[in-house]
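Engineer: Quick one: sequence plus predicted model below, questions after.
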Amino acid sequence: MHQELVTKYQKLKDKNLSIDITRGKPDTDQLDLSNDLIDIPISSTSENGIDLRNYGEPFGIMEARKLGSELLDAPVDNIIAGEQSSLLLTYQTVLSNFLFAKPTPWKDIQNPKFICPVPGFDRHFMMLEDFGIEAVGIPLKDDGIDLDKFQNVLNSDDSYVGILCVPKHSNPSGEIYSDANLEQMFKIGSNYSDKFLFLFDHAYLIHDFLPTPKQKPLWELATKMNAQDQTVITTSFSKVTFGGGGISFMATAGHSLDLIKKVRTTMIICPDKLNQKRHVEFFKNIETVKLHMEKHADLIRPKFEVAYSYLKELPKECGTYSRPTGGYFITYSTSKPIATNVVELCKEMGVLITPAGSTFPKNYDPNNSVIRLAPTYVSRDDLESAMDVFTTAVQLAHLEVKI
């Protein structure tokens, strides 16, 4: 078996493949679904008489905010319509609290910390590092965060300022937080501090491709737990229409809403109001958005099925893999501490995979076992080649075969 794997490794290497599955990006056929946005006829005036070609409206035009209200199930007065990504609004939220949070800006707190469920989104960790905020990982379970660990971590230190997570189709392992898990998160965090921030990057809110357990709107749960003033929810159309050409939305209240308005008033002369208007005309309402996402699902689902068809052939002793019902990633967890070896072997065979450790703060996976796979961007043929390479690399590394 060792020799067979070495022979296969050499044959794959000799193909001189050049395949990149590092990032969860839409493929061209997904982007084509929104091509009508490019030439859609729109009025240059908003419904309340604003000239969309000019400055102003840093919190978004009313039509876009209404669409965001439908999407996030929050009152329109609590909605900001922004630029292309939920990550940007998330960054602006951290920035506003870092500079202006009351009673104490985070910059004036010695060693402020954020809780981040792991495995998690590498850009979240990078963002917190920009501000010198320590990201502290806690485990995920099937229904959300490990609540006992959450409580224990908060009990251990008084310098935690919030939690940052992806509550549906968690990046990269695909968990969907249950309503009960979220309610307990709100309860524990609010009891810790009435200034503790619940920051939800709801990037995959509408990205189902299989039947998905129903989740109550986050705003409804936050309101039920009287935590809406401590809650910020962001989402976007960056993987719905065009990467870098979508629009984003935020729901928040109270001091958190005042803070984001403060920084956006200074930072944003105005959003791309014409693009916001185009999206409103393209979608009209939430029902049209859902129909659009069904088309995305039909394109994405087969690629995940291809990936699963290869992963299921791996010997069970090599590891386990996630089977998400939405989002853009599959997580493979090796049974041995060999993730770094697997990624390097894939690179030698011509396939780039997200670097091992990226899904943990400071790029450190204590078990060296989590590998993120992104099957959506490449063609079916390239995906099959990439998965052949990956499964070969996993077995070689697991058996500690010397090349």
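Structural biologist: All right, it came through fine.

Engineer: Any stretches of the stretch 301-403 of the chain with poor pLDDT?
Structural biologist: Filtered on pLDDT under 70, the stretch 301-403 of the chain yields the residue ranges 403.

Engineer: for the stretch 151-300 of the chain, what spans make up the helices?
Structural biologist: 179-192, 218-224, 254-267, 273-283, 286-311 (DSSP state H, counting those that start in this stretch).

Engineer: So for residue 58, which of these sits nearest?
Structural biologist: helix 254-267 (4.7 Å; Cβ to Cβ). To be clear about C-beta, it is placed using only N, CA and C from the backbone, and glycine gets the same treatment.

Engineer: What sits closest to residue 241 if chain neighbours are left out?
Structural biologist: residue 34 (4.1 Å; Cβ to Cβ, 6 or more residues apart in numbering).

Engineer: So what's the residue count around that neighbour?
Structural biologist: 23 (other Cβ atoms under 10 Å).

Engineer: mind listing what it touches?
Structural biologist: For residue 34, the contact set (Cβ atoms under 8 Å, 6 or more residues apart in numbering) comprises 240-242, 282, 292.

Engineer: mind redoing it with 10 Å?
Structural biologist: Contacts for residue 34 (Cβ atoms under 10 Å, 6 or more residues apart in numbering) come out as 26, 40, 237, 240-242, 245-246, 278-279, 282-283, 292, 295-296.

Engineer: follow-up on the earlier one: any chance of the helices of the stretch 151-300 of the chain in CSV, with mean neighbour count too?
Structural biologist: Below are those laid out as CSV (neighbours: other Cβ atoms under 10 Å):
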stretch, mean neighbour count
helix 179-192, 18
helix 218-224, 20
helix 254-267, 16
helix 273-283, 21
helix 286-311, 16
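
Engineer: Minimum distance to residue 18: which of those helices has it?
Structural biologist: Across those, closest to residue 18 is helix 286-311 (Cβ to Cβ), at 18.7 Å.

Engineer: Within the sheet, what are the partner strands of whichever helix or strand comes after that closest one, with directions?
Structural biologist: The helix or strand immediately downstream of helix 286-311 is strand 319-321, counting by DSSP states H and E. Strand 319-321 has these partner strands in its sheet, going by DSSP bridges: strand 330-334 (antiparallel).

Engineer: how far is the partner strand from where the chain is centred?
Structural biologist: From the chain centre to the centre of strand 330-334 is a distance of 17 Å (Cα atoms, centre = their mean, to the nearest Å).

Engineer: between it and helix 286-311, how big is the angle?
Structural biologist: 30 degrees (axes from the mean of the first three to the mean of the last three Cα atoms, to 10 degrees).

Engineer: Determine the longest strand present in this protein.
Structural biologist: Longest strand in the chain, counting residues (DSSP state E): strand 134-141.

Engineer: Remind me what it packs against, helices and strands.
Structural biologist: In terms of contacts (3 or more Cβ pairs under 10 Å, 6 or more residues apart in numbering; DSSP states H and E), strand 134-141 is packed against strand 113-118, helix 122-130, helix 147-155, strand 160-165.

Engineer: Of the ones you listed, which is nearest residue 79?
Structural biologist: strand 160-165 (20.2 Å).

Engineer: quick revisit: how about the longest strand of the chain: buried residues?
Structural biologist: For strand 134-141, a neighbour-count test (16 or more other Cβ atoms under 10 Å) marks 134-138, 140 as buried.

Engineer: Also stretch 235-247?
Structural biologist: Those would be 235-243, 245-247, for stretch 235-247 by 16+ other Cβ under 10 Å.

Engineer: Show me these that map onto strands.
Structural biologist: Those of those lying in strands (DSSP E): 235-236.

Engineer: The very next helix or strand once past the longest strand of the chain: partners in the sheet, and parallel or antiparallel?
Structural biologist: Following strand 134-141 in sequence order, the next helix or strand is strand 144-145 (DSSP H and E). Paired strands of strand 144-145, with direction, are strand 134-141 (antiparallel) (DSSP bridges).

Engineer: what angle separates the partner strand from strand 160-165?
Structural biologist: Using the same axes, to 10 degrees: strand 134-141 against strand 160-165 is 50 degrees.

Engineer: Please save the CA atoms from strand 134-141 in PDB.
Structural biologist: Only the C-alpha atoms of strand 134-141 are listed here, as PDB (Å, rounded to 0.1, in the frame of the first residue of the first chain):
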ATOM      1  CA  GLU A 134      -6.200  38.900  21.800                       C
ATOM      2  CA  ALA A 135      -8.400  36.300  20.200                       C
ATOM      3  CA  VAL A 136      -9.100  33.400  22.600                       C
ATOM      4  CA  GLY A 137     -10.500  30.200  21.000                       C
ATOM      5  CA  ILE A 138     -13.200  28.100  22.500                       C
ATOM      6  CA  PRO A 139     -14.500  24.800  21.000                       C
ATOM      7  CA  LEU A 140     -17.600  24.400  18.800                       C
ATOM      8  CA  LYS A 141     -20.100  21.700  19.300                       C
END
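
Engineer: Next, count neighbours for residue 91.
Structural biologist: With other Cβ under 10 Å as criterion, residue 91 counts 18.

Engineer: Please verify my assumption that it contacts residue 123.
Structural biologist: Yes - with contact defined as Cβ atoms under 10 Å, residue 91 and residue 123 form a contacting pair (9.2 Å).

Engineer: Which residues are in contact with each of those two?
Structural biologist: Joint contacts of residue 91 and residue 123 (Cβ under 10 Å, 6+ apart) are residue 85.

Engineer: follow-up on the earlier one: tabulate the helices and strands packed on strand 134-141 (a markdown table), appending mean neighbour count, distance to residue 220 and mean pLDDT.
Structural biologist: Converted to a markdown table, these look like this (neighbours: other Cβ atoms under 10 Å; distance: least, Cβ to Cβ, whole Å; pLDDT from 0 to 100):
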| stretch | mean neighbour count | distance to residue 220 | mean pLDDT |
| --- | --- | --- | --- |
| strand 113-118 | 23 | 21 | 98 |
| helix 122-130 | 18 | 24 | 97 |
| helix 147-155 | 16 | 20 | 98 |
| strand 160-165 | 24 | 17 | 98 |
